[in-house]
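Enquirer: show me the folded form of this:
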Amino acid sequence: MLTGDMADSHARVAHVGIAVPSIAAAVAFYRDVFGLEPGRAETADGATIVGLAFGDVQVELLEPRDPHGPVAKFLARRGPGIHHICYRVPDLDRALERCRAAGYRLVDDVPRRGAGGRRIAFVHPKATAGILLELTE
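Expert: Residues are numbered from 1 along each chain as shown. Next up is the predicted model:
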């Protein structure tokens, strides 16, 4: 087991990404039940993304825009549902270093820019019990 910096890192859930065929249709539930209004729409990775704040954690609704993008492929294979969970870490480079050292398969070997201009990287679901994990700072 790895020990050190990350154990005391205050890592936490940043958001849960949910793939949907239509943001307009999906947001109705959050508006009707919780009284939430979505944030400004953004585009990243071939999808339109809107966030809904649940305290410190966001729910991101992901609607495909590119029929060959990852969200469109996910919907075609699995249908609507949880696409990924994003963990906020204090040092993304260090977290990726630790993943590589432990032999975990990465989708992104180096961080890239995601929604909101944040640095992100994905860990492959085959390394994490079938869950696509996003890491961000």
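
Enquirer: any idea what the most centrally placed residue in the chain is bridged to?
Expert: Nearest residue to the geometric centre of the chain (CA atoms, centre = their mean): residue 86, 4.2 Å. In this structure, residue 86 bridges to residue 15, residue 134 when assessed by DSSP bridges.

Enquirer: tell me the confidence at it?
Expert: Note on residue 86: pLDDT of 98.

Enquirer: now swap in residue 48 and tell me
Expert: Confidence score, pLDDT, at residue 48: 97.

Enquirer: my guess is it meets residue 69, correct?
Expert: No - using CB atoms under 8 Å, residue 48 makes no contact with residue 69, being 10.6 Å away. In short, each C-beta sits where N, CA and C put it, glycine included.

Enquirer: find residues that contact each of the two.
Expert: By CB atoms under 8 Å, 6 or more residues apart in numbering, residue 48 and residue 69 have no common neighbours.

Enquirer: could you tell me the end-to-end distance of stretch 43-62?
Expert: The first and last residues of stretch 43-62 sit 9 Å apart, counting by CA to CA, to the nearest Å.

Enquirer: what residues of that stretch count as buried?
Expert: Going by neighbour count (16 or more other CB atoms under 10 Å), the buried part of stretch 43-62 is 44-52, 58-62.

Enquirer: okay, these in CSV with distance to residue 26 and secondary structure next?
Expert: Formatted as CSV, the buried residues of stretch 43-62 follow (distance: CB to CB, whole Å; DSSP: H, G, I helix; E, B strand; the rest coil):
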residue, distance to residue 26, secondary structure
44, 17, strand
45, 18, coil
46, 18, coil
47, 13, strand
48, 11, strand
49, 12, strand
50, 9, strand
51, 13, strand
52, 10, strand
58, 14, strand
59, 10, strand
60, 11, strand
61, 5, strand
62, 10, strand
